[in-house]
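Peer 1: coords please:
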Amino acid sequence: MAKTRPMAPTAVSARASIRHARPADVPAIRAMQQKSMWVLGGAFYSDDEIAGFLTQYRTMDDAIVAEGHFFVTENQAGRILGSGGWTRRRPGYTRGLGGSTATAALPTVRSVFVDPAAARRGIATSIMARTERDAVEHGIPEFTLTATLSGAALYERLGYLGQGSERLALNRGGGFACIRMTKRIDGGCVPAVRMAV
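Peer 2: Numbering: from 1, shown residues only. Predicted structure coming up:
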């Protein structure tokens, strides 16, 4: 795969908002996620590892959008700057974990990505706050997630606890390192933040 670097809503700032993702958003979401993986993940993974991951597992399962718990952040022009949500579905990437089923035991945070041009402006934290609030509204007491190495620091800051390292098997050989994490959310969610976009 060639390395490419393409450069009712809940208001969270004067210039951006979080809303439920729609099926029509999927191509734009996926393009943003792939760009995020290449640019922000590039400091943690080799080009071969990123290409293998994107080819084999992709950045999200499209069905989670239809499930109704997946969100996007968009600017005033409608450009998608971030994504994330949760699902009760078994993540597609678990087939690469061999015999491990721990990742699929709880509702799972999925596909939290931020456009590299909008990184470090509170977008991922805002997406996580919205995701956790939605989960609590639906009676979910605890989350699991499989963090990329580039995303683990964010989740640690938000109270997620590491439960062990994983490696997704890649068809080309080797593996894609990640970290299994969990958090109880019924005792309190990530506080909302004001995004700077």
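Peer 1: what's the residue nearest to the spatial centre of the chain sitting at in phi/psi?
Peer 2: Nearest residue to the geometric centre of the chain (C-alpha atoms, centre = their mean): Val112, 1.7 Å. Main-chain dihedrals, Val112, degrees, to the nearest 10: phi -90, psi 110.
Peer 1: Look at it and report its pLDDT.
Peer 2: What the model reports for Val112 is a pLDDT of 96.
Peer 1: quick one: it and Met128 touch, right?
Peer 2: Yes - under the criterion of C-beta atoms under 8 Å, Val112 makes contact with Met128 at 6.6 Å. Backbone N, C-alpha and C define where each C-beta goes, glycine included.
Peer 1: hey, what's in contact with both of the two?
Peer 2: 84, 154 (C-beta atoms under 8 Å, 6 or more residues apart in numbering).
Peer 1: ok so, going back, the residue nearest to the centre of the chain and Thr125: what is the separation?
Peer 2: From Val112 over to Thr125 the distance is 10 Å, taken as C-beta to C-beta, to the nearest Å.
Peer 1: who touches both of the two?
Peer 2: Between them, Val112 and Thr125 share the contacting residues Leu154, judged by C-beta under 8 Å, 6+ apart.
Peer 1: pLDDT weak spots in this protein?
Peer 2: 1-14, 91-105, 187, 191-197 (pLDDT under 70).
Peer 1: Now do the helices in it.
Peer 2: 26-40, 47-56, 63-67, 123-137, 152-157 (DSSP state H).
Peer 1: As CSV, these with mean neighbour count and distance to Arg89 would be great.
Peer 2: Below are the helices of the chain laid out as CSV (neighbours: other C-beta atoms under 10 Å; distance: least, C-beta to C-beta, whole Å):
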stretch, mean neighbour count, distance to Arg89
helix 26-40, 19, 16
helix 47-56, 17, 18
helix 63-67, 16, 6
helix 123-137, 22, 14
helix 152-157, 15, 20
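Peer 1: Thanks a lot, catch you later.
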